[in-house]
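Trainee: Sequence and computational prediction follow.
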Amino acid sequence: MNHIQLENISKIYNANSSQAQSALALLAEGMDSIAVKEQTGYSVGLYDINLNIKAGELHCIMGLSGSGKSTLIRHINRLIDPTSGKIWVDTSLNAKSNNNAQSPMAEESSSQTDANTNSAINILQLNDKELQHYRQQTVSMVFQHFGLVPHMTVMQNVAYGLRVRKMSVSERHEVARHWLNEVGLPNLEHSYPDELSGGMQQRVGLARALATDNPILLMDEAFSALDPLIRAQLQDQLLELQARLNKTIVFITHDIDEAVKVGQRISILNGGRLVQTGTPNDLRQNPADDYVAQFMRAKN
Ligand SMILES: Nc1ncnc2c1ncn2[C@@H]1O[C@H](COP(=O)(O)OP(=O)(O)OP(=O)(O)O)[C@@H](O)[C@H]1O
């Protein structure tokens, strides 16, 4: 069952719609993003991405620097809007307690519904209130540089998303304590982020994302800033949590070893294009091109 579907998503940066069309026309002829940038001056973030992410899978997005990984993941929580295309998300997979919260999507249903599944919505159609609700109830993000609020304690950071949802103090502290325990950080609730190591800060970031109980977790190079030993521990912990929690996780990395270790499937981007999606084995045995083959050969 698909949880997230990207349909013909293209993103041309810093171009109005007719300027973007000229870049898209060159891309459609097969020109690569570097040549398009040289000829038109516009940066290609993504071109014609069609990607289905299944409910409950840990899906890695891989590619060299500038291949479009961050652009892609930021479309899923609409930090970036595409130049063209649609993004379907099945919000019926939100947690029950989330569904009980008043849903402007259900109330107003101004968003288009996917004719195929009936329960997926095109998130590009959400109005401001619906988008806010979507971000609070459906997607959480873990950032490379943790993104913790420095003047808030660990507890306040983890409970922040619940405070926004107007959960009572005692209840949100109980939930936050539970998740701090889950990520291996009991007894640190009164500390401030700058008193913690990078690995600990990222555990707090993970606890904060999990505390909301949102079904989709976006992880943008979440472990890349950590040293190898801590990184490996967090990868193991993520796999262990995923086995129990069954989240849909979109995990960006430029490290093929990390992608193969954590990803059930991997999508490889090159110059804003999706080159191949498959299991690590698929990519190893049937690489779509040299770029994919080189990644798989580079694996330890
Ligand atoms: N705000 C922006 N304005 C203009 N161009 C941008 C912007 N953000 C990204 N780009 C361009 O879009 C392309 C894809 O960038 P993106 O950051 O998504 O790649 P990435 O694979 O995440 O790279 P990295 O691994 O270095 O973070 C690059 O050519 C980049 O220069």
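Mentor: Noted; the coordinates are in hand.
Trainee: So for the residue of the stretch 101-250 of the chain found nearest the ligand, what's the pLDDT?
Mentor: Minimum separation of the stretch 101-250 of the chain from the ligand (Cβ to the nearest ligand atom) falls at E221, amounting to 6.9 Å. From N, CA and C alone the C-beta is placed, and that goes for glycine too. Note on E221: pLDDT of 94.
Trainee: Not including adjacent chain positions, what is the nearest residue to it?
Mentor: Q144 (4.1 Å; Cβ to Cβ, 6 or more residues apart in numbering).
Trainee: isn't that neighbour right up against D220?
Mentor: Yes. Contact status for Q144 versus D220: in contact at 5.8 Å, counting by Cβ atoms under 8 Å.
Trainee: out of those two, which sits in the busier spot?
Mentor: For Q144 versus D220, the count of surrounding residues by other Cβ atoms under 10 Å is larger for D220: 22 against 17.
Trainee: For the residue nearest to the more buried one when sequence neighbours are not counted, give me phi and psi.
Mentor: Distances taken as Cβ to Cβ, 6+ apart place I252 nearest to D220, at 4.9 Å, with adjacent residues excluded. With angles defined as degrees, to the nearest 10, I252 sits at phi -90, psi 130.
Trainee: List the beta-bridge partners for I252.
Mentor: I61, D220 (DSSP bridges).
Trainee: Next, count neighbours for K261.
Mentor: 17.
Trainee: Could you name the helices and strands sitting against whichever strand or helix holds V175?
Mentor: Using DSSP states H and E, V175 maps to helix 169-182. Contacts defined by 3 or more Cβ pairs under 8 Å, 6 or more residues apart in numbering; DSSP states H and E place helix 169-182 against helix 154-164, helix 198-211.
Trainee: State the distance from the residue nearest to D220 to R203.
Mentor: Going from I252 to R203 by Cβ to Cβ, to the nearest Å gives 19 Å.
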